[in-house]
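**Q** got a predicted structure here, sequence first:
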Amino acid sequence: AWTMGNVIDDQVAAIRAQVGDAEVICGLSGGVDSAVAAALVHKAVGDQLTCVFVDHGLLRAGEAEQVERDYVAATGIKLKVVDATERFLGALAGVTDPEAKRKIIGREFIRVFEAAAREIATAGDVRFLVQGTLYPDVVESGGGTGTANIKSHHNVGGLPDDLKFDLVEPLRMLFKDEVRALGASLGLPEEMVWRHPFPGPGLAIRIIGEVNQHNLDILRAADLIARQELTASGLDRDVWQFPVVLLADVRSVGVQGDGRTYGHPVVLRPVSSEDAMTADWSRLPYDLIARISTRITNEVREINRVTLDVTSKPPGTIEWE
Ligand code: XMP
């Protein structure tokens with residue numbers, strides 16, 4: 001019978017058999033899949049595993065800390081953090097085209113991860129790379145496996161030829177809800193286990209306009225308010241994703257106190273979905289939308305207008321870029 005205990009025991013045994021005494025690395029993204037995969041491997045081979053977290057500076061408020069502090073505290077995993085914010089923001093300066101942003105982020109990610117992997121590899125015999133591939137990913141890609149690439153997180157190709165790893169994919173037979181249950185029983189932080197899907201390029205594709213520290217700070221503040229209010233309303237698990245999008249290239253006139261403002265709008269984009277292929281806009285309660293709107297315009301000086309996206313997918317996509 002399928003029980004969580006069995007899954008953990010079976011996977012731990014399988015990982016030990018596959019890996020032996022070799023060293024293993026795993027890239028953490030902040031998402032649930034890589035976090036659960038790494039936790040399982042750690043349970044199996046302990047400090048033979050080194051995790052790498054490339055902080056590209058494009059995560060939401062509190063997410064880097066969640067990985068660096070809460071996740072490490074919960075698992076005891078050996079973690080190498082690379083703060084690459086300046087590098088990513090440098091490469092993204094002046095870029096507004098969505099696909100150009102994706103390409104740059106994917107390219108920089110590979111470079112930074114590769115450098116970190118090389119440093120770890122020179123310290124030991126690293127032969128394996130952990131990936132949080134799920135069953136739906138396996139089916140979608142025709143069941144193939146083989147040499148490493150840093151999966152769909154950044155939608156880009158593999159590592160260079162001299163950095164080939166064998167893959168460890170302990171979640172290959174599991175669906176998302178099973179992965180969450182597994183994460184919970186492995187004692188991972190609640191917010192991590194229940195995190196909504198979040199794109200690899202992060203907030204960069206939720207800023208319509210240039211990705212810079214100023215715009216990131218504005219979006220992070222607004223996004224945090226939306227997440228706090230959604231959580232407080234108890235509706236987290238009814239919503240598939242809740243992007244907040246900053247229209248950095250748009251300004252509109254407003255009034256606050258005695259003064260005219262000329263600020264930026266944000267778009268609230270809560271959606272319901274089963275698999276992100278299609279989606280519908282979430283009918284969130286108006287009083288929740290109102291609280292979010294009031295708080296954002298009160299607390300984030302640069303934002304003077306909050307709008308709601310009521311487009312399904314298709315024809316809209318979930319993200320605005
Ligand atoms: P769209 O916007 O195409 O998104 O409806 C479908 C799902 O994919 C996520 N998404 C991405 N994930 N890299 C990712 O890892 C990306 O470049 C990317 N673009 C979109 C999106 O958040 C949604 O879950």
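**A** Yep, it's here. Bear in mind that the values here come from a model prediction, so they are computed numbers and not experimental data.

**Q** spatially nearest residue to residue 285 (excluding sequence neighbours)?
**A** residue 233 (7.1 Å; C-beta to C-beta, 6 or more residues apart in numbering). (Glycine included, C-beta is placed from N, CA and C.)

**Q** for residue 197, see how far away the one you found is.
**A** 20 Å (C-beta to C-beta, to the nearest Å).

**Q** try residue 110
**A** Residue 110 is 22 Å from residue 197, by C-beta to C-beta.

**Q** the more surrounded of those two?
**A** The neighbour comparison of residue 110 against residue 197 (other C-beta atoms under 10 Å) goes to residue 110, with 19 against 14.

**Q** Provide the backbone phi and psi angles at the more buried one.
**A** phi -60, psi -40 (degrees, to the nearest 10).

**Q** what ranges do the strands span in the stretch 201-321 of the chain?
**A** For the stretch 201-321 of the chain, applying DSSP state E, counting those that start in this stretch gives strands covering 244-246, 252-256, 259-268, 271-272, 280-281, 303-308.

**Q** now check the third one, is it near the ligand?
**A** No - for strand 259-268 and the ligand, the contact criterion (C-beta under 6 Å from any ligand atom) is not met; the two come no nearer than 13.1 Å.

**Q** tabulate the CA atom coordinates of stretch 259-274 in CSV.
**A** What follows is stretch 259-274, C-alpha atoms only, in CSV (Å, rounded to 0.1, in the frame of the first residue of the first chain):
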residue,chain,number,x,y,z
GLY,A,259,-1.9,66.4,-3.5
ARG,A,260,-1.9,65.2,-7.0
THR,A,261,0.0,62.0,-7.5
TYR,A,262,1.4,60.5,-10.7
GLY,A,263,2.2,56.9,-9.8
HIS,A,264,2.2,53.4,-11.1
PRO,A,265,-0.6,50.9,-11.3
VAL,A,266,-0.3,47.3,-10.2
VAL,A,267,-2.4,44.5,-11.5
LEU,A,268,-3.8,41.7,-9.3
ARG,A,269,-3.8,38.4,-11.2
PRO,A,270,-5.3,35.7,-9.0
VAL,A,271,-6.1,32.6,-11.0
SER,A,272,-7.6,29.1,-10.5
SER,A,273,-6.2,26.2,-12.4
GLU,A,274,-5.4,22.5,-12.4
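
**Q** going by neighbour count, list what's buried in that stretch.
**A** Neighbour counts over stretch 259-274 (16 or more other C-beta atoms under 10 Å) mark 261, 263-273 as buried.

**Q** please apply the same query to stretch 100-120.
**A** 101-106, 108-110, 112-113, 116-117, 120.

**Q** these: which ones sit near the ligand?
**A** Answer for these near the ligand (C-beta under 6 Å from any ligand atom): residue 102.

**Q** so residue 128 sits in a strand?
**A** Yes - counting by DSSP: H, G, I helix; E, B strand; the rest coil, residue 128 is located in a strand.

**Q** check contacts around residue 291.
**A** residue 229 (C-beta atoms under 8 Å, 6 or more residues apart in numbering).

**Q** re the thing from before, out of the buried residues of stretch 100-120, who's nearest residue 219?
**A** Within the buried residues of stretch 100-120, distances to residue 219 taken as C-beta to C-beta reach their minimum at residue 101, with 13.9 Å.

**Q** which residue is the nearest non-sequential neighbour of that closest one?
**A** The shortest distance from residue 101 to any non-neighbouring residue, by C-beta to C-beta, 6+ apart, is to residue 204 (5.0 Å).
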